Structures are given as structure tokens and as C-alpha cells.
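> build me a model from this:
(one chain, ligands or ions: 1)
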Amino acid sequence: MARCTELADGGDRRSGHVTHATQRANRPGRVTVGAVTASLRPTCPCGSGEAYDACCGRLHRGAAQAETAEELMRSRYAAFAVGDAAYLWRTWHPRTRPDDLELDTSRTWTGLRVLGSGEDWVQFVASYDSPAGPGEQSERSRFERRAGRWVYVDGETPGSD
Ligand SMILES: [Zn+2]
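This is a model prediction of the structure:
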């Protein structure tokens, strides 16, 4: 049997083992061409490890409310990552939010680390890629509960003292 290996070179002797199976792959029923839609986004950008739809996607759609400041913060980071400016605007305190919110689309958010949180604050580092190279944004955000809903008030860069 050891000599059979030489047949791989296309040798002409006793080629009874040549298989004709290579043409089988293209059966139409199995072809999975096509769109994987945004709703099938596998994991949430906030880094929870859960599916986007089951995590911050619920909040973005308005199907659920953030129950803690940290949950709101994570969902706001995820909104930056998926480009949901409307969600960012409506979870921003009316006193401090900009009149008009435009996202910097040249920035791709790549990760979130929550360093600490309390009842109404969250400290985090968010990383991004941009045409100028990768960077990080550190912030200690403050939140407030208004009519039962958490909203973002403002933030400061920590560690500058
Ligand atoms: Zn999430």
C-alpha cells in the first residue's frame, strides 16, 4: 500500500482510486449567499459578550430602559459604535445636550473598558480607530435620573489633576 502515494503526482498506473467527488460542492440548496443584516450583528459593541439585539439594541430600539447609570453609559457607547445619534440625543439631559448632534463618522469605536462606577457616575476608557491612527478617550461621566429614566449630564477627563 505504501506505493500508492506516488499516484498523487498524476502517475498513469493503476489509477483506480481517482475520485470524481470534487464536483459535488455546488448544490444550490446549500448556498448561503446574501445579506447578513445589521440585526444579526453578533455581539454588542459595548463588550458585554451578548448579542447586540439582546443587549444595547433593546435600548436603542426603545424596547427597554437602562436601569442603571452604567447600563445607560454602555448603551451610549454602543450607540456611538453603531452610529445611532438619535439615541444619544434622547438620552442626554436637555439642559446640557447640544442642539444638534452629529457623529464623527471617521471614527470607528473599537472597545470599551469600564474602570469604575457608582450610582450616578461611570468612569471608562473608550478606544477608537481614526484616519490619524488609533486613540483612546477617557471620561468620568455623570448621570441623572429624570422621571425615572437615566440621562447623561456631562463628563470630565479624569486624571488631569
Ligand atoms: Zn451592549
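> count the neighbours of residue 120 for me.
Look at residue 120: counted by other CB atoms under 10 Å, it has 14 neighbours. Where C-beta positions appear, they are placed from N, C-alpha and C, glycine not excepted.
> residue 135 now?
Neighbour count of residue 135, defined by other CB under 10 Å: 12.
> give me the phi and psi angles of it.
Torsion angles at residue 135 (phi, psi; degrees, to the nearest 10) stand at phi -150, psi 180.
> do you know the pLDDT at residue 101?
The score at residue 101 is 91. That number is its pLDDT.
> give me the secondary structure label for it.
At residue 101 the chain is in coil, as set by DSSP: H, G, I helix; E, B strand; the rest coil.
> that one reaches residue 87, doesn't it?
No - contact between residue 101 and residue 87 fails when scored by CB atoms under 8 Å: they sit 10.1 Å apart.
> who has more neighbours, those two?
Comparing residue 101 with residue 87 by other CB under 10 Å, the one with more neighbours is residue 87, at 20 against 12.
> gap between that one and residue 131?
Distance, residue 87 to residue 131, by CB to CB, to the nearest Å: 25 Å.
> contacts for stretch 148-161, please.
Contact partners of stretch 148-161, identified using CB atoms under 8 Å, 6 or more residues apart in numbering, comprise 65-69, 71-73, 76, 91-93, 95-96, 123, 138-145.
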